[in-house]
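Asks: I'd like to go over a predicted model; first the sequence, then the structure.
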Number of protein chains: 2
Amino acid sequence: MIEISGTTRIFPVIGWPVEQVKAPALFNAYFQRHGIDARVVPLKVPPESYTAAVRMLMSFPNVGGIFVSIPHKPMSVSAVEQPSNRAVLAGACNAIYKDAEGMLLGDLIDGEGFIRAFDRTCAGKPLNWPAARALVVGSGGVGCAIAYALAERGIGQVAIYDTRTEQASALQARLQQAFPSVEFVIAPPAAAGFDVVVNSTPLGMHADDPLPIDLRGVSPGCVVADCGMKIEMTRLLRQAQEMGCRIQKGKEMLIEQAPLYLELFGWPGVSSDAFRALEAL
Amino acid sequence: MIEISGTTRIFPVIGWPVEQVKAPALFNAYFQRHGIDARVVPLKVPPESYTAAVRMLMSFPNVGGIFVSIPHKPMSVSAVEQPSNRAVLAGACNAIYKDAEGMLLGDLIDGEGFIRAFDRTCAGKPLNWPAARALVVGSGGVGCAIAYALAERGIGQVAIYDTRTEQASALQARLQQAFPSVEFVIAPPAAAGFDVVVNSTPLGMHADDPLPIDLRGVSPGCVVADCGMKIEMTRLLRQAQEMGCRIQKGKEMLIEQAPLYLELFGWPGVSSDAFRALEAL
């Protein structure tokens, strides 16, 4: 096993708080299993010094990239020199790294991770994408990323709900302009009539949280996904399963985006199965 | 074994370069053996952003302290808010941490580590300190720390040598003022007549380095110490051993100062034997 030494490449995961992050467990298990001299370490970065911290950390030559956690994802768009198109559109980054010329780049791979996980979830019964309707509850960093990714994947309609109505409307407007062939609407958090339902709010982190989505009348053909990882089987997922729906756990999104992180950070071509096999989450 | 997670306290070791540092191997072995949720990680910090980096890192609440490596030790005196007396006198810090009020403190424990190791080396045949004479070759961060610590321990004379004569004279003047009862002199790097001889230059890091000290005529009662850790048995130590001298390896200084680091960083009362038993160096 390769232990940490002076030659170890460091990949901070930054959040405020940071105690809940899962990236160290998942990626360090991968690095150790595959003999890679690298480690993911948590750094609790105060929001007020966020941009300076990102610039500073990325100026250290043995820092290879940054995993961005809450609440820093939106701020990352301006903290980097060149955010990707999807990061700009969604208004958030969750991966910061450098290109060969040293340019500071930011990307948002939450959504792509979600879609890859979703395609696995639906492997036996693929979605009819152009005819499908999705409800995304929560328009924070993760919700934006998923709404974007569903649209890019070719879904017919994305409905957005957030108690912060202005934020939801802003996301709707941005995505509508980027994807004219997809219909974006604001809708209440009620699952009836949708083919895909996604909780990207923090509700579900605690066992006694109220349900973020009203599941009454949901179609048994609907896929219900939760993005939280603190509790694996949230109330939402348990109830959806009882109602006959297929479910998708939060950790699947992280496992499916793990190879995307590795690719951005310099190790392309890894399958998500290499992470699934670790059973680290 | 406690793996890295979001709750792990992080202790950067900062240097430029940083590849050679031994603190991760030693301290992480200790943390893992004793079930402590903490890790030492290397960060390669460019000198030009040194002070800003120290302030930034110490503003992260899960960063508990910093191990300072070359060439940052002298700069640390001004980077912290309150350097210790010995740090000011020697002109270097190798440990940065916070007090209960959040004040950024710096200390220099290299010298104390050296003295503790030296007292072990001499356990069977203690030095007659007030009558003893020591030759310290090299007046960089480590040499300053050792000259200071020898004086504080009560030695009769400290001779200093450095090819950078102004730097050696400045150290001599600073210490003479602080310790009026000790005689400080500038002397050539020749061991004859001394009871303690210390190499604190980088010479010895490579197998074909020239000897930093002329050992001809050295007393067999002399203790010859080397501070380098890249090669355990340097040419100097091998030759001194052949001439009948007691020798002290560089890693002893790190092992003996390890409990001092832990004390500053919040875990007091640990014996150096707990580190020696790890056989991590």
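Replies: That came through fine. Keep in mind the model is a prediction, meaning the values are calculated, not measured.

Asks: pLDDT below threshold where in chain A?
Replies: Residues of chain A meeting the criterion pLDDT under 70: none.

Asks: Please name the nearest non-neighbouring residue to the spatially most central residue of it.
Replies: Central residue of chain A (CA atoms, centre = their mean): A:D110, 2.6 Å from the mean position. Excluding the flanking residues, the one nearest A:D110 by CB to CB, 6 or more residues apart in numbering or on different chains is A:A145, at 3.8 Å. Yep, even glycine has a C-beta here, placed from its N, CA and C like the rest.

Asks: Equivalent analysis for A:G269, please.
Replies: Nearest one to A:G269, counting by CB to CB, 6+ apart, is A:E263 at 7.6 Å.

Asks: Mind listing what's buried along the helix or strand containing that neighbour?
Replies: Taking DSSP states H and E as the criterion, the element that holds A:E263 is helix A:250-264. Residues A:250-262, A:264 are the ones in helix A:250-264 that count as buried (16 or more other CB atoms under 10 Å in any protein chain shown).

Asks: nearest to chain B, of these?
Replies: Of all these, A:L254 has the smallest distance to chain B: 13.3 Å, by CB to the nearest CB.

Asks: quick one, domains of chain A?
Replies: Domain ranges of chain A: A:9-108+A:253-276, A:111-248, per automatic domain parsing.

Asks: for the ones you listed, which one sits closest to B:I36?
Replies: With CB to CB as the criterion, B:I36 lies closest to domain A:9-108+A:253-276 of the domains of chain A, at 15.1 Å.

Asks: Past the helix holding A:E263, which element shows up next along the chain?
Replies: That would be, after helix A:250-264 and using DSSP H and E, helix A:272-276.

Asks: How far away from the center of its chain is that next one?
Replies: 17 Å (CA atoms, centre = their mean, to the nearest Å).

Asks: circling back to that earlier point, distance to B:A134 for the domains of chain A - can I get that in CSV?
Replies: Shown next, in CSV, are the domains of chain A (distance: least, CB to CB, whole Å):
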stretch, distance to B:A134
domain A:9-108+A:253-276, 37
domain A:111-248, 58
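
Asks: Can you name the residues of the stretch 1-150 of chain A sitting close to chain B?
Replies: A:3-8, A:10, A:13, A:15, A:17-22, A:24-25, A:28-29, A:39-46, A:49, A:52-53, A:56, A:59-63 (CB under 8 Å from any CB of the partner chain).

Asks: go again using 7 Å as the cut-off
Replies: A:3-8, A:10, A:18-21, A:24-25, A:28, A:39, A:41-46, A:49, A:52-53, A:56, A:59-62 (CB under 7 Å from any CB of the partner chain).

Asks: Sort out for me which of these are in strands.
Replies: A:I10, A:R39, A:V41, A:P42, A:L43, A:K44 (DSSP state E).

Asks: Check which helices and strands whichever strand or helix holds A:S169 sits against.
Replies: Counting by DSSP H and E, the element that carries A:S169 is helix A:165-178. On a contact count with 3 or more CB pairs under 7 Å, 6 or more residues apart in numbering or on different chains; DSSP states H and E, helix A:165-178 meets helix A:85-90, helix A:141-153, strand A:157-161, strand A:183-186.

Asks: how far is that helix from where the chain is centred?
Replies: With CA atoms, centre = their mean, you get 19 Å for helix A:165-178.

Asks: cool, and stretch A:259-277?
Replies: The answer for stretch A:259-277 is 15 Å, by CA atoms, centre = their mean.

Asks: first to last residue in it, what's the distance?
Replies: Stretch A:259-277 has its terminal residues 13 Å apart, counting by CA to CA, to the nearest Å.

Asks: So what touches it?
Replies: With CB atoms under 7 Å, 6 or more residues apart in numbering or on different chains as the contact definition, stretch A:259-277 has outside contacts at A:11, A:26, A:30, A:64-65, A:67, A:95, A:97, A:107, A:109, A:112-113, A:116, A:255-256, A:258.

Asks: Nearest to B:D214, out of those residues: which one, please.
Replies: Set against B:D214, the nearest of those by CB to CB is A:G64 (45.9 Å).

Asks: before we move on, the earlier item: right, so of the helices and strands packed on helix A:165-178, which gets closest to B:I155?
Replies: Short answer: helix A:141-153, nearest of the helices and strands packed on helix A:165-178 by CB to CB, at 61.1 Å.

Asks: Pull out the buried positions in that closest one.
Replies: Applying 16+ other CB under 10 Å to helix A:141-153 flags A:141-153 as buried.

Asks: what's the neighbour count on A:R86?
Replies: Per other CB atoms under 10 Å in any protein chain shown, the neighbour tally for A:R86 reads 21.

Asks: Show me what residue of the stretch 151-281 of chain A gets nearest to chain B.
Replies: Taking CB to the nearest CB, the stretch 151-281 of chain A has A:A280 as its residue nearest chain B, at 8.8 Å.

Asks: okay, now the closest residue to that residue other than its chain neighbours: neighbour count?
Replies: Nearest-residue entry for A:A280: A:A29, 3.9 Å, with adjacent residues in sequence omitted and distances by CB to CB, 6+ apart. Neighbours of A:A29 under the rule other CB under 10 Å: 17.

Asks: rewinding a little: and the helix holding A:E263 with strand A:38-44, angle?
Replies: 120 degrees (axes from the mean of the first three to the mean of the last three CA atoms, to 10 degrees).

Asks: now helix A:250-264 against helix A:141-153, angle please.
Replies: 70 degrees.

Asks: returning to that earlier point: may I see the PyMOL selection of the buried members of the residues of the stretch 1-150 of chain A next to chain B?
Replies: Buried residues within the residues of the stretch 1-150 of chain A next to chain B, by 16+ other CB under 10 Å, are selected in PyMOL with:
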select buried, chain A and resi 4+5+6+7+8+10+18+20+21+24+25+28+39+41+42+43+44+45+53+56+59+60+62
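
Asks: For burial, what's the neighbour tally of the closest residue to A:L57 other than its chain neighbours?
Replies: Distances taken as CB to CB, 6+ apart put A:V63 closest to A:L57, at 5.2 Å, once the chain neighbours are dropped. A:V63: 21 surrounding residues under other CB under 10 Å.

Asks: Repeat that for A:A207.
Replies: 9.

Asks: Now do the contacts for it.
Replies: Counting by CB under 7 Å, 6+ apart, A:A207 touches A:I231.

Asks: Please settle this for me: is it part of a strand?
Replies: No. Using DSSP: H, G, I helix; E, B strand; the rest coil, the secondary structure at A:A207 is coil, not a strand.

Asks: Quick check on it: phi, psi?
Replies: The phi and psi values for A:A207, taken as degrees, to the nearest 10, are phi -60, psi -30.

Asks: quick one: it from B:V63, how far?
Replies: From A:A207 across to B:V63, the span is 32 Å (CB to CB, to the nearest Å).

Asks: swap in A:L264?
Replies: To B:V63, A:L264 is 25 Å away according to CB to CB.

Asks: residues touching the nearest residue in space to A:C222 that is not next to it in sequence, list them.
Replies: Spatial nearest neighbour of A:C222, chain neighbours left out: A:C245 (5.0 Å); criterion: CB to CB, 6+ apart. Residues counted as contacts of A:C245 (CB under 7 Å, 6+ apart) are A:V218, A:P220, A:C222, A:V223, A:V224.

Asks: hang on, isn't the third one packed against A:V197?
Replies: Yes. In terms of CB atoms under 7 Å, A:C222 counts as a neighbour of A:V197; the distance is 5.9 Å.

Asks: more neighbours, those two?
Replies: Neighbours per residue, other CB under 10 Å: of A:C222 and A:V197, the larger number sits with A:V197, 29 against 23.

Asks: Can you pull the phi and psi angles for the more buried one?
Replies: phi -130, psi 130.

Asks: cool, and A:I2?
Replies: The phi and psi values for A:I2, taken as degrees, to the nearest 10, are phi -80, psi 120.

Asks: What is the burial count for it?
Replies: 14.

Asks: And the one 10 residues further on, by the same measure?
Replies: Residue neighbour count, defined by other CB under 10 Å, stands at 30 for A:P12.
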